[in-house]
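Novice: Okay, sequence plus prediction incoming.
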Amino acid sequence: ETGVTQSPTHLIKTRGQQVTLRCSSQSGHNTVSWYQQALGQGPQFIFQYYREEENGRGNFPPRFSGLQFPNYSSELNVNALELDDSALYLCASSPELNTEAFFGQGTRLTVV
Amino acid sequence: AQSVTQLDSQVPVFEEAPVELRCNYSSSVSVYLFWYVQYPNQGLQLLLKYLSGSTLVKGINGFEAEFNKSQTSFHLRKPSVHISDTAEYFCAVSEIQGAQKLVFGQGTRLTINP
């Protein structure tokens, strides 16, 4: 059984560009959540997808958007990148709502 | 809304000494409580969770935590630490109802000295 995998592991983007981060949920998991972890901070909830529908959103602007596919993998898209978007982006999957979340290794995004 | 306060940003201890990492939370609704560990350049790993029942919860790697509802605390303890316990530890809560949105504290860096 493979765990939660995220790609890429690292990337560097220029301010104003757009980025797509990907997450493959653990087998049998239909819920995916995304978190942003700035350096030296705890993770902050961005949004959650349950069975391909958004199921809750944190305090992030609309330029942060997401998608969940029929196989329950997910994408996080960020438009008009800002320097403050530099962070570790974590994906977590769960077998159902309100069950234990399993985290991936994260994608380290640097905006220059 | 919920909030989590981890009272110590850094905790240095000697190997084989006991340790307690403190966590207080605030919520107007019932919550689940969690402790996660993050090793350098890695994601988060669940140490333990409190959902209901016994207020003393045992987790992996010899860690345990006690839920105290009256003090809204969920402190993490280990009787004897090892060098390998050096990591960042995060306390988190989530509402029992609705989306499992984890609200994390700022983290406590545990450093084990030989």
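Specialist: That came in fine, so what should we check first?
Novice: what number of residues lie near residue B:66?
Specialist: Residue B:66: 15 surrounding residues under other CB atoms under 10 Å in any protein chain shown. Glycine gets a C-beta too; all of them are placed from N, C-alpha and C.
Novice: Surely it is within a strand?
Specialist: Yes. Under DSSP: H, G, I helix; E, B strand; the rest coil, residue B:66 sits within a strand.
Novice: Could you list the buried residues of stretch A:19-37?
Specialist: In terms of neighbour count (16 or more other CB atoms under 10 Å in any protein chain shown), stretch A:19-37 has its buried residues at A:19, A:21, A:23-26, A:29-37.
Novice: Please apply the same query to stretch B:84-100.
Specialist: Those would be B:85-95, B:99-100, for stretch B:84-100 by 16+ other CB under 10 Å.
Novice: Repeat that for stretch A:35-51.
Specialist: So, applying 16+ other CB under 10 Å, buried residues of stretch A:35-51: A:35-37, A:42-50.
Novice: Verify the contact between residue A:38 and residue A:85 for me.
Specialist: No. The pair residue A:38 / residue A:85 is not scored as a contact, 9.3 Å apart, by CB atoms under 8 Å.
Novice: In chain A, what residue spans correspond to strands?
Specialist: All strands of chain A, identified by DSSP state E, fall at A:5-7, A:10-13, A:19-24, A:31-37, A:44-50, A:53-57, A:64-68, A:74-78, A:87-94, A:102-103, A:107-111.
Novice: what packs against the second one?
Specialist: In other words, strand A:10-13. When contacts are defined as 3 or more CB pairs under 8 Å, 6 or more residues apart in numbering or on different chains; DSSP states H and E, strand A:10-13 packs onto strand A:107-111.
Novice: relative orientation of the strand it packs on and strand A:74-78 in degrees?
Specialist: Note on geometry: by axes from the mean of the first three to the mean of the last three CA atoms, to 10 degrees, strand A:107-111 and strand A:74-78 are set 10 degrees apart in direction.
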